[in-house]
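Undergrad: sequence and computational prediction follow.
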Amino acid sequence: MTDTTTTSPEIGGIGHSVKRAEDARLIEGQGNFVDDIAMPGMLYMALVRSPVAHARINSINTEAAAAVDGVVAVVTGELMDAHGLAWMPTLSGDTQAVLATDKVRYQGQEVAAVVATDPYIATDAAELVDVDYEMLDAITTPQQSLADGAELIRNEKEGQTDNLAYTWETGDAAATEAAFANADRVVSLTTHYPRSHPSPLETCGIVADVNSVTGQATLYMTSQAPHAHRTLFALVAGLPEQNIRIVSPDIGGGFGNKVPIYPGYVVATAASLLIGQPVKWVETRTGNLISTGFGRDYYMTGELALSNDGRIQAMRVDMLSDQGAFYADAQPTRYKAGLFHVCTGSYDFGNAHIKCRGAFTNKAPGGVAYRCSFRITEASFLIERLMQTAADELGIDPAELRMRNFIQPEQFPYETPTGFVYDSGDYPTALRKALDAAGYDELRAEQAASREQGKLMGIGIAHFTEAVGAGPAHTYDIAGLKMIDSAELRVHPTGKAVLKIGVKTQGQGHETTFAQIVAEETGIPASDIKVIHGDTDDTPYGLGTYASRSTPVGGAATAMVARKIADKARHIAAHLLEAAPEDIERDADKFFVAGSPDQSVSIQDAAFAAYTNLPEGMEYGLEDVTYYNPPNLTFPYGSYVVVVDVDPDTGVWKVRRMVALDDCGVRINPMIVEGQIHGGLTEGFAMSSMQWITFDDDGNCIGSNFMDYLIPTAWETPRFELLETVTPSPHHPIGAKGIGESATVGSPAAFVNAVVDAVAHLGVRNIDMPVLPDRVWEAIETANT
Amino acid sequence: MEITVNINGTDHTADVEPRKLLVDHIRTDARLTGTHIGCDTTSCGVCTVLVDGKPVKSCTMLAVQADGRNVTTVEGLKSADGLHPIQQAFSDEHGLQCGFCTPAMMLVGAALIDENPNPSDDEIRWAISGNLCRCTGYMNIVKSIQAAAAVASNGAAGADA
Ligand code: FES
Ligand code: FES
């Protein structure tokens, strides 16, 4: 492991595997999750969801439900409409029904809500809400949706005459065409990145407490972006923003699922306002799986133009996304398909052209970047699968093909054909190191020998470059809100500190790592710093935690505010040491006059003096705030090598080795970084092997519970071998790049490449995810006949 | 129905509907919210508690079935001597991230070590295979349980000596 520490373990700055501050409450069952909140007079809400995917609503009869003992209110779309709340804006500029009034457009859509004194009563009464549906044809694929004569899903949307949600294009079409026309070889791959669901173990929920006299709304919400949600609530509901306080308490995992605003939050808030009592809504697992933000569902055709010796000249992509019934992706306003156009990956070539279309279908809306930075997972998967295809087609070893095309270390900062400027990297070293650790040459020799004996083993490689940390205000906003972030640091007279941040942990350990950044920059021990996050009344503004933006943006803000504090402390130290500020140096937690380190002032002394003994003209106190607008994204990367054994008779495959090298720049807390990688690799394995949400022809969601939607347990999950290189980001104050999502982005292609590699000699070029045994078996059978 | 369930050494008497799930009884009547709910199909395991020392998914059992029995929840792991070794190990080995699955994982781990003081990697993975975790990839959970087992067997060896 690279030692990057400059502070003692007692101070616990950058590079120390400091034990997590958040653990103490969580291991004693004293966490505070939304469902743990109880308030006097609190009522419980249950949602009535559509059992069908597409139907006109003829009538809703709430009488029987309202008559149940303990039911306080039944809320329908009509009631919401009377308050102008039947529809709400989505994060990507569309509108979404809060409670359906005209039609239902997907199975599980919110139709009504029952509020009662007890959750069992609310659920029972919800069953009694009688909705008369007139069935319409369900459209379950984007191909059907865009076919002539398809039923119009969004008939309420002005100017909408077909089921097209968006079109979007980027890159140089003419230059790319020319490169393809002149290429020695063209390699292509058509694949579907299936619909998946982040399904954190805690579902979504809210306790809405609206004071009907003062109008103060306190909303305890499972929110990855509490500040942005506050502003959106203000805009949707017309509530004065100062009267809205969103508290995102302990969150049981997010992975993008808790970025959008869901109808349940809005209805519970409206119900609390109307009734004048707190209302709790906690989603069922089925509700979570069938109605909240899914991930992926991209149909992609990618092509590479290559020379005979395997040099890539251009890339062409045609993508069709399944958006569900409302275009509700959570991503930067100006990018219709998120960061999908980072699809040129880690390779140096001149031209690319990417064409994207999105279609409405009768499925749940809300495409979220499931543990990834705005759709870069699909992009990374496509190029890394294409590299495998090209290697197989051209007969070049896949590691060698990558080496021939890598962006070289001296080319950074490197501008890609679609306009991203990669900050730093050394790709060849990373891949070499991962290959060596895996014993690549021996594995290839073993593979050749085992094929002779009719055995199937495969070696899969993926070398991904991620683009995280959105983002620079000139390019990145969500619903107009610039994607900056913030930190406020207060140092108390005794030298203990409180750091308040705009980002929000859902398990990533912000309370620990952000304190370490302050410790590094000021010398205040991390254990003396309390980190506050998630409460909009108590923290400065920020866009929240997703797209691995906490460390790149919020972490940078934290370093910058800590530097301001350290600088003021240096001036105070100069005063105490009776020296000029420019002569003062700092070593970890001490200030001294250059050349005489034995006479020093500690950061704690300086903090005390900030309230007691200041130089002339200086303002009292030791606190500051920083809003950080990053100059660029950061670009973490990694090289993954997977070894699988495939049973030729059944198609069952087992991961023998998984070697994962990650370079996320400077690692603030190595222990936490490795934990993030373990989790990300597991989700990558999940998507490649078992995790998908499917629908039958009528639009019924298969995979609406954890018996049908498979999540890997400890038994199936492979063991991981982790490696690292450290290439700091040159533009980030502490050189960190972000790590929460790299492994989910990079690993699916490595697993799929490994299985395809095992059967490539039979002529198999592709098996779609999830790579289920029957798909492998079928690929082998087809190849053999 | 009136029931009395001994939770973490204290009798809790309550009048409950016969259909009430044990997990709801623990969370709402006893107000012990360290036991969580994560699914509707008894698949995720975050509601796991020990009933008479054995791991049980408390969403799969009715509160009335627990009448007269001893239930241990995460809040009961700590003793007068301080944290249970499994709690310490989860923190030391970074066995938790969001912490939602953690109470259940620790209880299953503690029950496993009681039965099998020296579990192998595979035995641990099998024991926790009824408990999902979305954050950790299980690597550090396995390590945590191994570390707790090592403490337990060292402690036992120490006591014997
Ligand atoms: S809540 Fe999921 S198993 Fe009990
Ligand atoms: S730590 Fe989050 S689910 Fe296990």
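TA: Arrived safely, thanks for sending. Ligands and ions are numbered 1, 2, ... in the order given.
Undergrad: going forward, measure contacts between C-alpha atoms and count neighbours the same way
TA: Fine.
Undergrad: which helix or strand contains the residue nearest the centre of chain B?
TA: Among the residues of chain B, B:Leu107 comes closest to the average C-alpha position under CA atoms, centre = their mean, at 2.4 Å. In the assignment (DSSP states H and E), B:Leu107 maps to helix B:102-115.
Undergrad: name the residues that touch the helix or strand just after that helix?
TA: Counting by DSSP H and E, the element after helix B:102-115 in chain order, helix or strand, is helix B:121-127. Residues from elsewhere that reach helix B:121-127 (CA atoms under 8 Å, 6 or more residues apart in numbering or on different chains): A:Ala714, A:Trp715, B:Val108, B:Gly109, B:Leu112, B:Val142, B:Ile145, B:Gln146.
Undergrad: which residues does the nearest residue to A:Glu241 once chain neighbours are set aside contact?
TA: Nearest residue to A:Glu241, sequence neighbours excluded (CA to CA, 6 or more residues apart in numbering or on different chains): A:Ala234, at 5.3 Å. Residues in contact with A:Ala234 (CA under 8 Å, 6+ apart) are A:Pro240, A:Glu241, A:Ile244.
Undergrad: so which of those is the closest to A:Ile407?
TA: Nearest to A:Ile407, judged by CA to CA, of the contacts of A:Ala234 is A:Glu241 at 47.2 Å.
Undergrad: okay, strands next: where are they in chain B?
TA: For chain B, the strands defined by DSSP state E occupy B:2-7, B:10-15, B:48-51, B:54-57, B:70-72.
Undergrad: can you say which of the contacts of A:Ala234 are buried?
TA: Those of those that meet the buried threshold are A:Ile244, by 16 or more other CA atoms under 10 Å in any protein chain shown.
Undergrad: export the contacts of A:Ala234 to a markdown table and tack on secondary structure, pLDDT and distance to B:Cys135?
TA: Compiled in a markdown table, those are given as follows (DSSP: H, G, I helix; E, B strand; the rest coil; pLDDT from 0 to 100; distance: CA to CA, whole Å):
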| residue | secondary structure | pLDDT | distance to B:Cys135 |
| --- | --- | --- | --- |
| A:Pro240 | coil | 94 | 37 |
| A:Glu241 | helix | 96 | 34 |
| A:Ile244 | strand | 97 | 31 |
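Undergrad: what packs against the lengthiest helix in chain B?
TA: Looking across chain B with DSSP state H, the single longest helix is helix B:139-160. Applying 3 or more CA pairs under 8 Å, 6 or more residues apart in numbering or on different chains; DSSP states H and E, we find helix B:139-160 packed against helix B:85-92, helix B:102-115, helix B:121-127.
Undergrad: mind running it again at 7 Å?
TA: Here helix B:139-160 touches helix B:85-92, helix B:121-127, going by 3 or more CA pairs under 7 Å, 6 or more residues apart in numbering or on different chains; DSSP states H and E.
Undergrad: now the ones you listed in CSV, please, with extra columns for distance to B:Ile7 and mean neighbour count.
TA: Below are the helices and strands packed on helix B:139-160 laid out as CSV (distance: least, CA to CA, whole Å; neighbours: other CA atoms under 10 Å in any protein chain shown):
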stretch, distance to B:Ile7, mean neighbour count
helix B:85-92, 19, 23
helix B:121-127, 23, 17
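Undergrad: tabulate the ones you listed in TSV, adding columns for mean pLDDT and distance to ligand 1.
TA: Shown next, in TSV, are these (pLDDT from 0 to 100; distance: least, CA to the nearest ligand atom, whole Å):
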stretch	mean pLDDT	distance to ligand 1
helix B:85-92	98	21
helix B:121-127	98	15
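Undergrad: what's the closest of these to A:Pro142?
TA: Between the helices and strands packed on helix B:139-160, helix B:121-127 lies closest to A:Pro142; by CA to CA that is 40.1 Å.
Undergrad: roughly how far is the closest one from the heart of the chain?
TA: 16 Å (CA atoms, centre = their mean, to the nearest Å).
Undergrad: stretch A:185-203 now?
TA: The mean C-alpha position of stretch A:185-203 is separated from the chain mean by 14 Å, CA atoms, centre = their mean.
Undergrad: and what of stretch A:80-89?
TA: Centre-to-centre, stretch A:80-89 and its host chain are 29 Å apart (CA atoms, centre = their mean).
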